[in-house]
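*Asks:* Sequence and predicted model, in that order:
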Amino acid sequence: MPRLFTAIQLPPMARTQLSLIRSEIGGARWMPADNLHLTLRFFGDVSDAIADEIAGHLDAIEAAPLSLTIEGTGAFGGTGERVLYAAVIETPELAALQRAHDRIARAVGLGAPEHAFKPHVTLARARHPRASQVARFLAETGGLKIPAFTVSEFVLLSSRPGRGGGPYALELAVPLA
């Protein structure tokens, strides 16, 4: 039973820049540069039949290439596990592409997403981090700005069950044209 999600993979320049802003945060598990991506839709653990259905629907998406800009950092979560992320500026084109992925989830019988779409790149997951360390990281990286880059495809990735992170396997690449 594969665990699937769709994503936009980042160009090497963006991955390198993001991997350089790591900070000393107790309990943080930083994402390897090769695994940095923008998740469009998490489908979860699905049967092989549903996986095939998802892939078929994804192949039919028609969207033009789009431009993305990464700007600023933030954190999700409370006092337990926190996710540190780089923010992606949401454009109408990105929002439309993400909504197409949500429609596919509904078409194959999966429920609505747990959270509203907030475009971001997960940098690290931290268990019970010190608030002062997180605050320092956010203060030091809040001015992050990675120049816009063109996205010409999205991908369907599978991951191992667990608490997030790779390695990820490429299941399908869909060009934007």
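*Replies:* Right, received. Where do you want to start?

*Asks:* what's the longest helix belonging to the chain packed up against?
*Replies:* For the chain, the longest helix by residue count, based on DSSP state H, is helix 92-107. Packing contacts for helix 92-107, counted by 3 or more CB pairs under 8 Å, 6 or more residues apart in numbering; DSSP states H and E, involve strand 37-45, helix 48-59, strand 66-76. Any C-beta I mention is one placed from the backbone N, CA and C, and that applies to glycine too.

*Asks:* quick one, that helix and strand 66-76 angle?
*Replies:* Inter-element angle recorded for helix 92-107 and strand 66-76: 70 degrees (by axes from the mean of the first three to the mean of the last three CA atoms, to 10 degrees).

*Asks:* Distance from helix 92-107 to the middle of the chain?
*Replies:* 14 Å (CA atoms, centre = their mean, to the nearest Å).

*Asks:* Can you tell me the closest non-neighbouring residue to residue 30?
*Replies:* Of all residues beyond its chain neighbours, the one nearest residue 30 is residue 124 (4.5 Å), with distances taken as CB to CB, 6 or more residues apart in numbering.

*Asks:* Now for residue 123: which residues touch it?
*Replies:* Contacts were defined as CB atoms under 8 Å, 6 or more residues apart in numbering; by that measure residue 123 touches 18, 21-22, 30-31, 36, 73, 84-86.

*Asks:* Please convert the residues you listed to TSV, extending it with secondary structure.
*Replies:* Shown next, in TSV, are the contacts of residue 123 (DSSP: H, G, I helix; E, B strand; the rest coil):
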residue	secondary structure
18	helix
21	coil
22	coil
30	strand
31	coil
36	coil
73	strand
84	strand
85	strand
86	strand
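
*Asks:* Select from the residues you listed the one having the most neighbours.
*Replies:* If you count neighbours using other CB atoms under 10 Å, the busiest of the contacts of residue 123 is residue 84, which has 27 neighbours.

*Asks:* Please tell me I have it right and it contacts residue 137.
*Replies:* Yes - the pair residue 84 / residue 137 is scored as a contact, 6.5 Å apart, by CB atoms under 8 Å.

*Asks:* joint contacts of these two?
*Replies:* Listed as contacting both residue 84 and residue 137 by CB under 8 Å, 6+ apart are 25, 73.

*Asks:* what residues are up against the residue lying farthest from the centre of the chain?
*Replies:* Relative to the C-alpha centroid of the chain, counting by CA atoms, centre = their mean, residue 132 is the outermost residue, at 25.7 Å. In this structure, residue 132 makes contact with no residue, judged by CB under 8 Å, 6+ apart.
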